[in-house]
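> structure for this input, please:
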Amino acid sequence: MTITLGLSGEEVLKKIPSEGVYVLDLGGGANPIPRADFVVDLLSYSQRLQKPFERFDEGRWIVRDLCSREPLPFSDKYIDFVFAAEVLEDIRDPIWVCSEMVRVAKRGYISMPHRDTESSFKIDGRPENNRYPGFCHHRWLVEVQNNVLVFTHKHSLLHLLEFERHDIRMRHLTLYWEDSFEYRENILLSYDDMVKDLQRYEEWRRAQPLQWFYGRPGFALPTNWTGSLD
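Model prediction:
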């Protein structure tokens with residue numbers, strides 16, 4: 001298992017051979033990569049943003065709810081490269097989809113907003129974005145802990161904390177993997193679990209170099225934080 005953090009999608013796509021490898025775009029239906037040999041998405045072929053030099057055609061466009069728990073129609077390690085950009089944070093069962101990516105592909109690339117972005121207000125391009133954190137349609141807070149991709153339910157306590165980004169440039173989490181990668185859900189069963197997780201994340205981010213956050217002050221928990229939001 002090999003993973004590399006911080007690569008851009010453009011960097012990775014440039015390294016994929018133009019011939020001799022199968023590329024799968026998973027969940028990229030609205031804006032598929034032209035290099036893909038196959039696309040799997042809830043949208044239909046006719047709904048895509050059409051681009052020049054598309055390798056796939058309608059016959060290699062598979063309409064599928066990624067979270068239906070129906071295995072992808074590929075044998076183990078049939079796909080040389082799977083590209084999953086801006087999709088895992090949207091769907092209801094990213095753990096299942098990660099397992100299928102590891103099963104069908106030899107290597108891949110994942111991109112999504114970092115937990116820091118999803119925890120911050122004034123991110124979404126809507127006039128009411130000062131009233132909710134991150135993007136209104138995203139379901140998950142995503143981070144990497146000890147080389148494990150961790151998904152935390154985007155719970156409602158985030159709406160009660162006035163986190164605000166001081167640098168509004170998008171911060172993305174990207175992960176390139178070979179052979180496999182590890183993933184899990186950070187399961188929070190109670191109010192206290194959610195509060196402890198917020199404390200844990202804030203302690204972690206305060207320990208990061210300022211340049212990791214583009215030099216901005218970032219957000220802070222309430223100064224009178226006592227383990228409760230009351």
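> quick check: mean pLDDT across stretch 150-167?
Mean pLDDT, stretch 150-167: 74.
> low-scoring stretches of the protein, by residue?
In the predicted model, the chain carries pLDDT under 70 at residues 161-170, 208-230.
> ok, which stretches of it are helices?
Secondary structure of the chain (DSSP state H): helices located at 9-14, 94-104, 115-118, 191-206.
> redo those helices as a markdown table? Include mean neighbour count and distance to Tyr45.
For every residue, glycine as well, the C-beta is placed using N, CA and C. Shown next, in a markdown table, are the helices of the chain (neighbours: other C-beta atoms under 10 Å; distance: least, C-beta to C-beta, whole Å):
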| stretch | mean neighbour count | distance to Tyr45 |
| --- | --- | --- |
| helix 9-14 | 13 | 21 |
| helix 94-104 | 19 | 20 |
| helix 115-118 | 23 | 31 |
| helix 191-206 | 15 | 40 |
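> list the contacts for the residue nearest the centre of the chain?
Closest residue to the average C-alpha location of the chain: Met112 at 3.0 Å, with C-alpha atoms, centre = their mean. The contact partners of Met112, by C-beta atoms under 8 Å, 6 or more residues apart in numbering, come to Ala85, Glu86, Val87, Leu88, Glu89, Val142, His172, Leu173.
> let's have the helices of the chain in JSON lines, adding distance to Pro127.
Below are those laid out as JSON lines (distance: least, C-beta to C-beta, whole Å):
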{"stretch": "helix 9-14", "distance to Pro127": "29"}
{"stretch": "helix 94-104", "distance to Pro127": "29"}
{"stretch": "helix 115-118", "distance to Pro127": "19"}
{"stretch": "helix 191-206", "distance to Pro127": "27"}
